[in-house]
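Chemist: got a sequence here, can you model it:
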Amino acid sequence: MSDTQAQPPAPASAPTPSMPVDPSAVRPGTRHRIATIGGDGIGPEVIQAGVKVLHTLAHTSAGTLDLDFVDFDWGSDLYKRTGRFLPQDGLDTLRQFDAIFFGSVGAPDVPDHISLWGLRLAICQPLQQYANVRPTRLIPGISSPLRSVTAPSHLDWVIIRENSEGEYAGHGGRSHSGHDHEVATEVSVFTRTAVRRIMRHAFATARSRPRKTLTVVTKSNAQRYGLVMWDDVALEVSRDFPDVHMDRMLVDAMTVRMTMHPQSIDTVVATNLHADILSDLAAALAGSIGIAPTANLDPTRANPSMFEPIHGSAFDITGKGTANPVGAFWSAAMMLEWLGEADSSARLMRAIERICHQAIFTPDLGGKCTTDDVTEAVCNELRRK
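Modeler: Predicted coordinates:
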């Protein structure tokens, strides 16, 4: 455990919403079936830690939280044995669950573009998880590398990433391979339908937060077709949300704003690639990529949504017992919120904040704790209620 003297519990916080949840669409208090996919690298380690914490949360909930987990060994090991990252009927299997709790994908001996398209994108895109939601805020006890960020209110963002097309649409190809005149194309695909639906989700998220502010990020000065359409659709959708203030930024200028004026930002929406990059920067500015969560949402709820930490497989620390499980815990809290278990989600976030306030940290945050140390500390906080 940490050598740092334990501090009194941090005051209970009231984090601003990261997802608009329609009460009529959820069933709190019912049994929720969760598919767990550890995947590769440290993924199984942090998902196992997350499941342990969720079991503890359920056991201390006085019967108000009922979770049923089924684990799937899908990932690069399965691919190397069978040539597939998930079985042929894998998507039909996942559709039987209320949510998916996912670790990571990627192995040193499998090309990244094969593993990503073979598992994570093979789940997100067919299940229409088109809204990737990545909240970022300063958790008490964790320091930001930004000198101007010293309180949670100084950095409290939600970055919403279009998760179904754009730069990751998968259109393109290579010809004349190996020759000097080889051609490789990667075609960004933007459809009005997909842009409109992610804009509506982003505006609804901004409306649910106190500041009611949305920044639309593009690169429409250089990408004059698809991203000019993004700007056009954003303006159209904004008319349905007159209470939300909208501003627009080019993605390069947005990186400067995030580092120099973080307090000016609240809710952000961007393309698949741009938001992918910006959200990693956001996690680092909040203290560590190891604490950052993700929700891959199908806002229609026709398919299960998937929740995962954003840190990746991190094979350099796999098996060392030092992976930071906070990103998985926070993702689990988002999963509970999406399932309508707001009270349990809030309990878990308070437990996370209290152990961070006590500097119970893994090495990425400057601590000496193991994954198990942090997990047990969160479980102990939950047992104290």
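Chemist: what residues go with each domain of this structure?
Modeler: 1-129+304-385, 144-171+183-286 (automatic domain parsing).
Chemist: can I get the ones you listed in CSV including mean pLDDT?
Modeler: Listed next are the domains of the chain as CSV, based on pLDDT from 0 to 100:
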stretch, mean pLDDT
domain 1-129+304-385, 91
domain 144-171+183-286, 96
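Chemist: against residue 295, how distant is the nearest residue to residue 221 once chain neighbours are set aside?
Modeler: Using Cβ to Cβ, 6 or more residues apart in numbering and skipping residues adjacent in sequence, the residue nearest residue 221 is residue 250, 6.2 Å away. Using the backbone N, CA and C atoms, a C-beta is placed for each residue, glycine as well. Using Cβ to Cβ, to the nearest Å, residue 250 is found at 26 Å from residue 295.
Chemist: swap in residue 285?
Modeler: 20 Å.
Chemist: more neighbours: which of those two?
Modeler: For residue 285 versus residue 295, the count of surrounding residues by other Cβ atoms under 10 Å is larger for residue 295: 24 against 18.
Chemist: out of everything not next to it in sequence, what's closest to residue 207?
Modeler: residue 244 (5.3 Å).
Chemist: let me see the backbone angles for the one you found.
Modeler: phi -100, psi 130 (degrees, to the nearest 10).
Chemist: which pLDDT value belongs to the most centrally placed residue in the chain?
Modeler: Centroid check for the chain by Cα atoms, centre = their mean gives residue 294 as the closest residue, at 0.9 Å. Note on residue 294: pLDDT of 96.
Chemist: that one: helix or strand, and which one exactly?
Modeler: strand 293-297 (DSSP states H and E).
Chemist: next structured bit after that strand?
Modeler: strand 305-309.
Chemist: pairing partners for that following strand, with directions?
Modeler: Taking DSSP bridges as the criterion, strand 305-309 sits next to strand 99-104 (parallel), strand 293-297 (antiparallel) in its sheet.
Chemist: reformat the ones you listed as CSV; add distance to residue 310.
Modeler: As requested, the strands paired with strand 305-309 are exported to CSV (distance: least, Cβ to Cβ, whole Å):
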stretch, distance to residue 310
strand 99-104, 9
strand 293-297, 5
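Chemist: out of those strands, flag the one nearest residue 184.
Modeler: For the strands paired with strand 305-309, distance to residue 184 was read as Cβ to Cβ. The smallest value, 26.9 Å, belongs to strand 99-104.
Chemist: please identify the buried residues of that closest one?
Modeler: 99-104 (16 or more other Cβ atoms under 10 Å).
Chemist: any chance of those in JSON lines, plus distance to residue 384?
Modeler: Conversion of those to JSON lines gives the following (distance: Cβ to Cβ, whole Å):
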{"residue": "99", "distance to residue 384": "27"}
{"residue": "100", "distance to residue 384": "30"}
{"residue": "101", "distance to residue 384": "24"}
{"residue": "102", "distance to residue 384": "29"}
{"residue": "103", "distance to residue 384": "28"}
{"residue": "104", "distance to residue 384": "31"}
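Chemist: pick the one among these closest to residue 194.
Modeler: residue 100 (21.3 Å).
Chemist: tell me what that closest one is bridged to.
Modeler: Assigned bridge partners for residue 100, using DSSP bridges, are residue 35, residue 306.
Chemist: helices of the stretch 1-150 of the chain, residue ranges please.
Modeler: Using DSSP state H, counting those that start in this stretch, the helices found in the stretch 1-150 of the chain span residues 43-59, 76-82, 90-94, 112-115, 121-124.
Chemist: what's the most buried one of those helices?
Modeler: Of those, the one with the most neighbours on average (mean count of other Cβ atoms under 10 Å) is helix 43-59, at a mean of 22.
Chemist: and stretch 64-77, which residues are buried?
Modeler: In stretch 64-77, counting by 16+ other Cβ under 10 Å, buried: 65, 67, 69, 72, 74-76.
Chemist: how about stretch 314-322?
Modeler: 314, 317-318, 322.
Chemist: any chance of a markdown table for the residues you listed, columns distance to residue 365?
Modeler: Output for the buried residues of stretch 314-322, formatted as a markdown table (distance: Cβ to Cβ, whole Å):
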| residue | distance to residue 365 |
| --- | --- |
| 314 | 14 |
| 317 | 13 |
| 318 | 19 |
| 322 | 11 |
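Chemist: adding secondary structure and distance to residue 132, write those out as a markdown table.
Modeler: Formatted as a markdown table, the buried residues of stretch 314-322 follow (DSSP: H, G, I helix; E, B strand; the rest coil; distance: Cβ to Cβ, whole Å):
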| residue | secondary structure | distance to residue 132 |
| --- | --- | --- |
| 314 | coil | 20 |
| 317 | coil | 25 |
| 318 | coil | 25 |
| 322 | coil | 27 |
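Chemist: mind putting the helices of the stretch 1-150 of the chain into CSV with distance to residue 280?
Modeler: Below are these laid out as CSV (distance: least, Cβ to Cβ, whole Å):
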stretch, distance to residue 280
helix 43-59, 17
helix 76-82, 22
helix 90-94, 26
helix 112-115, 15
helix 121-124, 17
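Chemist: so which of the ones you listed gets nearest residue 329?
Modeler: Comparing the helices of the stretch 1-150 of the chain by Cβ to Cβ, helix 43-59 comes nearest, at 5.7 Å.
Chemist: tell me which element residue 345 is part of?
Modeler: Using DSSP H and E, residue 345 falls in helix 342-357.
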